[in-house]
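K.L.:
Sequence first, predicted model second:
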Amino acid sequence: MSDRWDGQGGRATRSRTGPVPGQRRSGPDGVRPPGEPEASRAPGRTDSRRRVRLTGRGRRVLKIATICLSVLILATAGAGWWFYQHLNGNINSVSLDGKGGTEKADAFGRTPINILVMGSDGRTSAVDCRLGGGCSKTGVQTGHGNADVQMVVHVSADRSNATVMSIPRDTMTHVPACRDSATGQSTVGYYGQINSALQYGPACQVATVHQLTGIPIDHFVELDFSGVVKMSDAVGGVDVCVSDNVYDTYSHLKLSRGTHTLKGVAALEFVRSRHGFGDGSDLGRTVSQHIFLSALIRNFKSAGTLTDPTKVYDLADAATKALTVDDGLGSVKKLISLAADVDKVPAKRMTFTTMQTAPDPANSDHVVVGAGARSLFSTIAGDQSLTTGAGRKSAAASATAKATATASAVPASQIAVTVENGTTITGRASTIATALTDQGFSSDTTTANAPSAATTTTLTYGTGQKAEAQTVAKALGLASSRLQQGNGTRLTLVIGSDWPSGHSYPGGTSSTTPADTQAAVSHAHASTADQAKTCAEVSPYKTVQINGVPMTPAQAYAAAAAKPDSDA
């Protein structure tokens, strides 16, 4: 039995008899195939030698191809491994030490993601000194700067929506006792500007924001000046619009009216500008930063970044060089996973807000937490969306608002409680006080030790405070029998030995009231990431000056005609 070949180097069929000596190969009709010689071999010779020769050549070709493919696979795998190790080596990570609290899973075991994004004004390298200026006298600084940008980024447990809340840097608050493990710098705690907490390390900034808002903070991301430059370059620039000609003589941003694509230093000048937009304060800057980030997100999504290996690497390389993160994000795999989670959220369901503020009575240059802020904190802590599935602002609060009005004319955000520990268990009052503020009750809630040991938990209220007491009791699962009227002017909750652990009273039925989402977005400059036509409003006030002469940013633009624009 012999093999017959198909004429293309491969076996076609097998026949039981060899070729007839001297027989010509022909086509199906007996005609010799075109181009074949009259006598291609000597009479009586078989094709066995020719077949062996072709087989040997094919094997050699296959062997060479196999070797080349193996080398290619090994080289690719080796390069991939090198890139992965290179990227991991770029990352600078810091432990949070549990200072940001812990997220709670939903009914399906899914947990939200809360990240504190910080922009540091530290001049801790020659590059940052060149970009930020101000180092002529001090030189390159050590330690940390201030967190001049603070945004709480919340991604819902089901990844269907997200909220980005900016906290103005001039907000006054209580900074807790902190110690920076890297520098050893520490504080016993103080009342001051919220951005100053970063001087005691990123974990201290996280702890301060968590204490102020009651929002659990799982992670943090910190960028310096050069980090903004690297990230904007990595995505190919960011498109922004300004409502008028603008020249901020402090950040050096100079742009003509209209839309511009900003990269590198120009992007940094835009996000740093606070004299160019709004009322010339940090409040106006947060809005322009939201416009920048919204454009960045649209760019990220439309470019298909996560499906393009080259873009993924370029972005990952820039990000790992530019960022300091917590150890929970301290690997390339974790950062890419985070980016993928954010990418799942539609742009129309990403809400940007600014924490509501009020003027600080003690200093007009500072602000304090304003009306509505506690509702905004509660929506984030409670994993509530600020948009509907269609991307519109949520109106789901109407029923909640009615229910709250029925129970109490005073919203939870305005109800402060004095929580006293009547047990022998250290920290019980703090645990319950935190549980209350996490549900949106006033940050004026305080803790103390009870005058004497208590076996039974009680909630005492003053004249006209019964409805408020009922709201507190409902939140904690306290029975109405635990409420009693007293002569004081504050609600006082004494934790007895009958409540040794947990956030809800044993055997009770607590009811976490959803936050009022309408109050949450009121005066919060809310917008969504899909709003591509929004322009940053140039300040109409004389917020800048040239040669000592106060001017509006538009007037300064005209006066500095010889200076090239930032995107020139």
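P.N.:
Right, received. Where do you want to start? Treat the numbers as computed from the prediction; the structure is a model and nothing was measured. Residues are numbered from 1 along each chain as shown.
K.L.:
Roughly how far does Ala453 sit from Ala412?
P.N.:
30 Å (Cβ to Cβ, to the nearest Å). Using the backbone N, CA and C atoms, a C-beta is placed for each residue, glycine as well.
K.L.:
Neighbour count for the two, which is higher?
P.N.:
Between Ala453 and Ala412, Ala412 has the larger neighbour count (other Cβ atoms under 10 Å), namely 25 against 12.
K.L.:
Am I right that the more buried one is in contact with Ser443?
P.N.:
No - taking contacts as Cβ atoms under 8 Å, Ala412 lies outside contact range of Ser443: 11.6 Å.
K.L.:
Now do the shared contacts for the two.
P.N.:
When contacts are counted by Cβ atoms under 8 Å, 6 or more residues apart in numbering, Ala412 and Ser443 have Arg374 as shared neighbours.
K.L.:
Looks to me like Gln484 is in a strand.
P.N.:
Yes - note on Gln484: a strand contains this position according to DSSP: H, G, I helix; E, B strand; the rest coil.
K.L.:
do you know how far it is from Arg179?
P.N.:
Separation of Gln484 from Arg179 (Cβ to Cβ) stands at 42 Å.
K.L.:
Among the two, which residue is more densely surrounded?
P.N.:
Higher neighbour count among Gln484 and Arg179: Arg179, with 15 against 11, using other Cβ under 10 Å.
K.L.:
So which residue is smack in the middle of this protein?
P.N.:
By Cα atoms, centre = their mean, the chain has its centre lying nearest to Val153, at 4.4 Å.
K.L.:
Past the lowest-mean-pLDDT helix or strand in the chain, which element shows up next along the chain?
P.N.:
Among the helical and strand segments of the chain, the one scoring lowest on mean pLDDT, DSSP states H and E is helix 397-407, with a mean of 36. Per DSSP states H and E, the first helix or strand lying C-terminal to helix 397-407 is strand 417-421.
K.L.:
got the contact list for that next one?
P.N.:
With Cβ under 8 Å, 6+ apart as the criterion, strand 417-421 contacts 427-430, 432-433, 436, 441-442, 445-451, 472, 490-495.
K.L.:
Just to be sure, which of these are found in helices?
P.N.:
Assignment to helices by DSSP state H places the following of the contacts of strand 417-421 there: 428-430, 432-433, 436, 472.
K.L.:
ok, those residues vs Phe300, which is closest?
P.N.:
Leu436 (38.3 Å; Cβ to Cβ).
K.L.:
The closest one contacts Thr471, correct?
P.N.:
No - between Leu436 and Thr471 there is no contact, the gap being 10.4 Å when judged by Cβ under 8 Å.
K.L.:
how about low-confidence regions in the stretch 201-350 of the chain?
P.N.:
Low-confidence segments of the stretch 201-350 of the chain (pLDDT under 70): 303-309, 312.
K.L.:
can you give me the strands for it?
P.N.:
For the stretch 201-350 of the chain, the strands defined by DSSP state E, counting those that start in this stretch cover 219-223, 238-242, 246-247, 254-255, 258-262, 323-326, 350-354.
K.L.:
Kindly reformat those strands as TSV containing distance to Gln465 and mean neighbour count.
P.N.:
TSV is the format used below for the strands of the stretch 201-350 of the chain (distance: least, Cβ to Cβ, whole Å; neighbours: other Cβ atoms under 10 Å):
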stretch	distance to Gln465	mean neighbour count
strand 219-223	39	23
strand 238-242	50	21
strand 246-247	51	30
strand 254-255	54	26
strand 258-262	54	16
strand 323-326	41	22
strand 350-354	31	26
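K.L.:
for those, which one sits closest to Gly284?
P.N.:
Among the strands of the stretch 201-350 of the chain, the nearest to Gly284 by Cβ to Cβ is strand 350-354 (9.7 Å).
K.L.:
who does the helix or strand following the closest one pair up with?
P.N.:
Tracing the chain C-terminally past strand 350-354 and defining elements by DSSP H and E, one meets strand 357-360 next. Sheet pairing of strand 357-360 (DSSP bridges) gives strand 363-369 (antiparallel).
K.L.:
what is the mean pLDDT for the strand it pairs with?
P.N.:
Mean per-residue pLDDT for strand 363-369: 90.
K.L.:
shift numbering so it begins at 4
P.N.:
OK, 4 is where the count begins now, so the last one is strand 366-372.
K.L.:
What are the buried residues along it?
P.N.:
Neighbour counts over strand 366-372 (16 or more other Cβ atoms under 10 Å) mark 369-372 as buried.
K.L.:
what's the average pLDDT for the helix or strand immediately after that strand in the chain?
P.N.:
Toward the C-terminal end, the helix or strand that comes next after strand 366-372 (DSSP H and E) is helix 376-384. Mean per-residue pLDDT for helix 376-384: 89.
K.L.:
Now do helix 376-384 against strand 353-357, angle only.
P.N.:
150 degrees (axes from the mean of the first three to the mean of the last three Cα atoms, to 10 degrees).
K.L.:
and helix 376-384, what does it pack onto?
P.N.:
Packed against helix 376-384 by the contact rule (3 or more Cβ pairs under 8 Å, 6 or more residues apart in numbering; DSSP states H and E) you find strand 165-169, helix 205-216, helix 520-524.
K.L.:
other SSEs contacting the longest one?
P.N.:
For helix 205-216, the elements it packs on are strand 116-123, strand 150-158, strand 175-178, strand 181-182, strand 222-226, strand 326-329, helix 376-384, judged by 3+ Cβ pairs under 8 Å, 6+ apart.
K.L.:
can you rerun that using 6 Å?
P.N.:
Applying 3 or more Cβ pairs under 6 Å, 6 or more residues apart in numbering; DSSP states H and E, one finds that helix 205-216 makes contact with strand 222-226.
K.L.:
Please save the CA atoms from the strand it packs on in CSV.
P.N.:
C-alpha atoms of strand 222-226 as CSV (Å, rounded to 0.1, in the frame of the first residue of the first chain):
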residue,chain,number,x,y,z
HIS,A,222,-8.5,53.9,49.3
PHE,A,223,-6.6,57.0,48.4
VAL,A,224,-4.8,58.3,45.4
GLU,A,225,-2.4,61.3,45.6
LEU,A,226,-1.0,63.3,42.7
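K.L.:
Since that was my last question, I'll sign off now.
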